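> Okay, predicted coordinates and the sequence, questions at the end:
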Amino acid sequence: MNLPRSFQGSLIALAATGVASAQTIVPTVVVNSDIAVSQTWGPPNIYELDGEIHVLDGATLTILPGTVIASDTTVNFPTPGSGPASLSIDRGALLIANGTRTQPIVFTSKADGTTPVGGLSTNMTGSYRQTAGAEWGGLTLHGEGYMNTQRIVTNTSVPSSANYGSMEGLLRANLRDYGGGQVVTAFPGGFTSDGQGDNDSSGSLSYVSLRYSGFIAGSTVELNGYSLGAIGRGTSIHHIETINSVDDGIEIWGGTVSLKNVVVWSCGDDSFDVDQGWRGKAQHGLMVQGFNAAGTSQGSGIGDNMFETDGAEFCHWQPVTSSIIANFTVVGAPQGLVPTSSNGGDHATAWRDNARVQYHNCIFMDIGDLIVSNEGSDGEAGNSESLCTTNGVIDWPTRWLTSSATLSAVNPFPGGAELTPAQAYTAQAPGNLIEFRDILFFNNPRPLAYAEADARGVRAPYAGNNNNNVTTVTLPIAARTRGTAVTLTITGGTIVMAPVTFLDPRPVTSDAQTSVEWAPESYGILDGSRYRGGFGEGNLWTTGWAGVAAYGLVPSDTANVDLGGCRPGSQGCPQQVVTGTWAGGTNVTMTVKNLEPLLSTCFLVVGGFQINFPIFGGTLVPSPDIILTLSGVSGSGEASITFTNPPGFGGTTLYSQAAGLDFVQFGAQWLEQFSFSNAQAHLQP
Amino acid sequence: MKTPTTLSCLPLAVALTLAAVGAQTQPAPAEATAGSRALADAPLAGFRTDLLQLAWRAAAAFPLDPHVQTRSRVQEQVVLACLNLDQPLRAQRWAGDIADWRRGACLADFAQYAVEHGDTVAATKALAGAAAIAEDVTNDPRGQEWCRDSILMKVARTYARLGERAQAEQYAARLDPVSGLAFDNGLAATAAGRADLITADNLATELAGMDDLLVNEASGLTWAALVTCVRLFDKFYADGERRDAIERRVRLVNTKLPPNFKLTALLELVRVSAEHGDTDKALASLRLAQTFFAETDWPADVRAPFEAQIGGLLGRIGRTDEARLLLEQGLASYHEARESFRQTKRADILRPFAEAWHAIGERQRANDVYTLVVEEGMENPNSRPRAEDVAATCLSMAQHGFEPDAALAARLREIVDGLGEPW
């Protein structure tokens, strides 16, 4: 039963003695039992998770835009003191948590009194608490996709939909499982529907911010910002952030779910940690390393690796992680600020247990340790890279040179009622199993930071598929400010880190603004963005909903907010870059880049509503109230127009998107059709 | 980045289908009007029609927001059941009411049915509709390529079946270059066609070609080879020497293959022998399968449906008492392990027992177990799993030809009528 508080209210100021006043959030609804019956949460209520709360098999929890869930570590369910508050979406349950660009859904702690509640204006306030973390548990989702781990004794090394895992960090043993969709073996005959498994849906999350989460019950027994166990590709996750998780920002075990528009800020372990055969995609990310719980250890409050990629728990088991990461801006904690080898964060990418990941169009900067760290395995007894190679697994150097179409022949997917290997591994783009393409490196000062990367040819020109990677000496993003270096005491020593206090991730140099190639296209998930890093020129998709924008850690630009929705043409995604404040009577310049060179006409559509209308093979986001013609696309594929914004439209939001007759790719074919730029929202002051 | 259209990206299943078509009589491209035979729904017992309608009502009861995915998946299951029961017009009509990409997949399946039953006009029209929906999915900002490609793959495969190779190639070429590789799930289906092409003269060579797959591999090709062997077992049943050579391969299949695949194939051999009226052979094969079943450590939720299947086969070959005993033991095991099964999976685990009781002619017992299945499906307080379960149970009865008694029929209607909040 959910008990209403005896009083209403959102923020109650508490007087503090001798220190600056602190604030706490006072929830109005206490959730102190599992959710067996579907229900909806929404504002103005503020919800508190008073235990390890599970949305049980068959139930749907819908959370409306603008809802705040504020919890702590002192809970009463199922028994008093039984671990931190957390929300678990069990197998067969659904979470529908779709906030909006101006009304995000916020999971945070009751101590987070400065978390804004409500619309855009109030979301722009608040202050960030650098050392806060582990103030509540986290969000876990449990799906039915394929995964594998030898930790469950009945699991088989060959993938089976009967194989399952147990979510770490949760204390209720009977409700922790993920994977293990029931085996249905059928002899082929007649017409049959495809099963769920990798196509399973655990719901939909968008415009969700998770702050100050995490729980460490022991080594590898931790809750993260959010944890995704065997989540299927039917699940939609985009515009989601985690701030100051005491453990990983994101941890994914198996499954095929993809992520888009992801923020991880100052988590206490790995920013993006995958294991047990994740076969999804991720695009447009901002990950900034730091610390949040001084005095613990690296991996439990102090940032560790940016990407930690385990292929499988045992490296010769399947499924094995085979994924693609595109357009991430990755900002580490460099040791260069304090020149001792124990300082700063760890690696940009750590590799274990036969992992296969393709990195495209990313920025890796300020990394504390190595760009590529081949760690072989994560230390399970009876498991090692050499043993796996003996078992027939493709070894580390060869994976860099092997086509992504080459699927592992050791313990392969069996087909039949299960998947075939080709059905199971669909995420990677044509290329090699491991590759770095169109990557920008900046300020990675550790001696030998590039040693393993260079041994694999990452920075060699046109070596295999490690193409078009550049190392710059100029800051590739608009701004990055670090605070005073802090000495963090850990067991057996100290770590010095200087946290990022402000960062404008928009690209400012040509190497970041443009790239030779563009991110692979698989519409709905990966667009063909033709730049390096998570943000296009002049586009801040964090504005309005993300805590890092609310806290002022990244700037906000309500005049020009990226809405995505592009359809690539022959030069990748056309990119809309708009400058100007849209104040009445002031000039606005709208430029479209990456068009088909010398294209005769480009149309710029401006409207008063966001309609997301499929048209001409693309997605028209605005209502077509005004259509401006941009003639004379240059040889570099650019066109622009400058006009004076008429006065008298204060407070109105306009939407814009460009379209041009271009060549659009359908599979292996190129057809003459319209390409579309990203759309933008413009709030007129 | 521009690359010409080539055949190199043709997914394997389509390539195999094309090869099979080419190796046969290479039929002329279908004429839109000439030689086409209009489809019609086959006569169907009233109770089976009622069950299909109940299943459809349950599927259509889901609110679109936020349950469009589940709703469409369950609706697709009803449409496919209609095709399996030779109700193509009903299938076509209901397919048109599906709200997401599965409408296109169902239209493509309908087209496949139409081709197989000689209505090339309906097939061509449905294929155009399916292709248009694939385009809509492409334009949907929430769409993903695997949904589009699920449709396009079926469209390509059906065009290949029509003998329209150019069209098949065109749609196959539109598949995502990477995900297109995934759609070789037609392998097992095309194995049937492959078996048709194997003659007594080339059987030994073909079997030798499959030996490595069967003995050393554990992949989708292994499963396809197993399916081919079972089809050949049926085809050469009267030829004891060849039949035994085929059967040996099924028995020796690689132990790396998950055991449920081998057991499924072994049980299929039993079914084929029974269909040929060879009770002794069927029983001998069933004993081998039972030995393999007993020697394997199964998760309880996998074990139970196999117990039901074995029971049904025992009854089919006249070992009714033994079948009863096994089914009762299986049910007892189900009840013992019930609490360990996920609540929303219990009806799925139990339903094969009802089907097995029906298969051995124990009508009342089947009705009792179906009643239990229905009530297991009602344990969850939410309409989403309830609707999934009641639709699946109605489809099970309709497809197996089981007529529920008045009380059970009334209960099914009551459940469907009661679907609503909370979902």
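Arrived safely. Numbering: from 1, shown residues only, chains lettered A, B, ... in the order given.
> Number of residues surrounding the residue nearest to residue A:614 when sequence neighbours are not counted?
Leaving aside its sequence neighbours, residue A:614 sits nearest to residue B:139 (Cβ to Cβ, 6 or more residues apart in numbering or on different chains; 3.1 Å). In this view, the C-beta of every residue, glycine as well, is placed from N, C-alpha and C. Residue B:139 has 18 neighbouring residues, counting by other Cβ atoms under 10 Å in any protein chain shown.
> surely residue B:139 meets residue A:612?
No. Judged on Cβ atoms under 8 Å, residue B:139 makes no contact with residue A:612 at a distance of 10.1 Å.
> Find residues that contact each of those two.
Common contact partners of residue B:139 and residue A:612 (Cβ atoms under 8 Å, 6 or more residues apart in numbering or on different chains): residue A:619.
> Neighbouring strands - and their directions - for the lengthiest strand in chain A?
When chain A is parsed with DSSP state E, its longest strand is strand A:653-666. Using DSSP bridges, the strands paired with strand A:653-666 are strand A:601-607 (antiparallel), strand A:669-676 (antiparallel), strand A:679-683 (antiparallel).
> Throw those strands into JSON lines and include mean pLDDT, thanks.
Shown next, in JSON lines, are the strands paired with strand A:653-666 (pLDDT from 0 to 100):
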{"stretch": "strand A:601-607", "mean pLDDT": "87"}
{"stretch": "strand A:669-676", "mean pLDDT": "75"}
{"stretch": "strand A:679-683", "mean pLDDT": "90"}
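> can you list these in a markdown table and add distance to residue A:639 and mean neighbour count?
Below are the strands paired with strand A:653-666 laid out as a markdown table (distance: least, Cβ to Cβ, whole Å; neighbours: other Cβ atoms under 10 Å in any protein chain shown):
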| stretch | distance to residue A:639 | mean neighbour count |
| --- | --- | --- |
| strand A:601-607 | 5 | 20 |
| strand A:669-676 | 13 | 19 |
| strand A:679-683 | 16 | 23 |
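> Give me the neighbour count for whichever residue of the stretch 551-685 of chain A sits closest to chain B.
Relative to chain B, the nearest point of the stretch 551-685 of chain A is residue A:614 (3.1 Å; Cβ to the nearest Cβ). Using other Cβ under 10 Å, residue A:614 has 17 other residues around it.
> go on, residue B:252?
Neighbourhood size, residue B:252 [other Cβ under 10 Å]: 12.
> Just the pLDDT for residue A:532.
For residue A:532, the model assigns a pLDDT of 96.
> so where's the stretch 51-200 of chain B shaky on pLDDT?
For the stretch 51-200 of chain B, the stretches flagged by pLDDT under 70 are B:141-142, B:175-196.
> distance of the closest residue to chain A within it from residue B:101?
Nearest to chain A in the stretch 51-200 of chain B, going by Cβ to the nearest Cβ, is residue B:139, at a distance of 3.1 Å. To residue B:101, residue B:139 is 12 Å away according to Cβ to Cβ, to the nearest Å.
> what residues go with each domain of the chain?
All of this is about chain A. A:2-179+A:194-496, A:559-685 (automatic domain parsing).
> was after chain B, sorry
B:11-42+B:86-182, B:49-67+B:298-423.
> who's in contact with residue A:635?
With contact set as Cβ under 8 Å, 6+ apart, residue A:635 has these partners: A:597-598.
> Please, where are all the helices along the stretch 301-450 of chain A?
Using DSSP state H, counting those that start in this stretch, the helices of the stretch 301-450 of chain A run over A:385-390, A:396-399, A:421-424.
> among the ones you listed, which is nearest chain B?
helix A:421-424 (4.4 Å).
> Just the CA atoms of the closest one, as PDB, please.
Output in PDB follows, covering the C-alpha atoms of helix A:421-424 (Å, rounded to 0.1, in the frame of the first residue of the first chain):
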ATOM      1  CA  PRO A 421      24.300 -16.800 -34.900                       C
ATOM      2  CA  ALA A 422      23.400 -14.400 -37.600                       C
ATOM      3  CA  GLN A 423      20.100 -13.500 -35.900                       C
ATOM      4  CA  ALA A 424      21.900 -13.100 -32.500                       C
END
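> Could you check that helix against chain B for contacts?
Yes. Under the criterion of Cβ under 8 Å from any Cβ of the partner chain, helix A:421-424 makes contact with chain B via A:421-424.
> As CSV, these with neighbour count would be great.
Putting the residues of helix A:421-424 next to chain B into CSV (neighbours: other Cβ atoms under 10 Å in any protein chain shown) gives the following:
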residue, neighbour count
A:421, 22
A:422, 25
A:423, 21
A:424, 28
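> for residue 404, what are its contacts?
Assuming you mean chain A. By Cβ under 8 Å, 6+ apart, residue A:404 lies in contact with A:322, A:356, A:358, A:428-433, B:178.
> think we crossed wires, I meant chain B
B:47, B:51, B:367, B:370, B:397, B:412.
> Could you look up the SS state of the closest residue in space to the last one that isn't next to it in sequence?
Take residue B:412 and drop its neighbours on the chain: the residue closest to it by Cβ to Cβ, 6+ apart is residue B:54, 5.7 Å away. Using DSSP: H, G, I helix; E, B strand; the rest coil as the criterion, the local structure at residue B:54 reads helix.
> again with residue B:395
Secondary structure of residue B:395, per three-state DSSP, is helix.
> With residue B:355 as the reference, measure out to it.
Remark: distance between residue B:395 and residue B:355 (Cβ to Cβ) = 11 Å.
> Paired strands for the helix or strand containing residue A:284, with orientation please.
Per DSSP states H and E, residue A:284 falls inside strand A:281-288. Strand A:281-288 sits in its sheet next to strand A:259-265 (parallel), strand A:322-331 (parallel), going by DSSP bridges.
> can you give me the mean pLDDT across the last one?
For strand A:322-331, the mean per-residue pLDDT is 97.
> where along chain A do the helices fall?
With DSSP state H, the ranges of helices along chain A come out as A:120-123, A:385-390, A:396-399, A:421-424, A:451-455, A:510-513, A:547-550.
> Between the ones you listed, which one is closest to residue A:603.
Closest approach to residue A:603 among the helices of chain A (Cβ to Cβ): helix A:510-513, 23.5 Å.
> Excluding covalently adjacent residues, which one is nearest to residue B:38?
Nearest to residue B:38 is residue B:119, by Cβ to Cβ, 6+ apart, at 5.8 Å.
> who touches the one you found in this structure?
Here residue B:119 is in contact with B:36-39 (criterion: Cβ under 8 Å, 6+ apart).
> can you pick the most crowded of those?
residue B:39 (21 neighbours).
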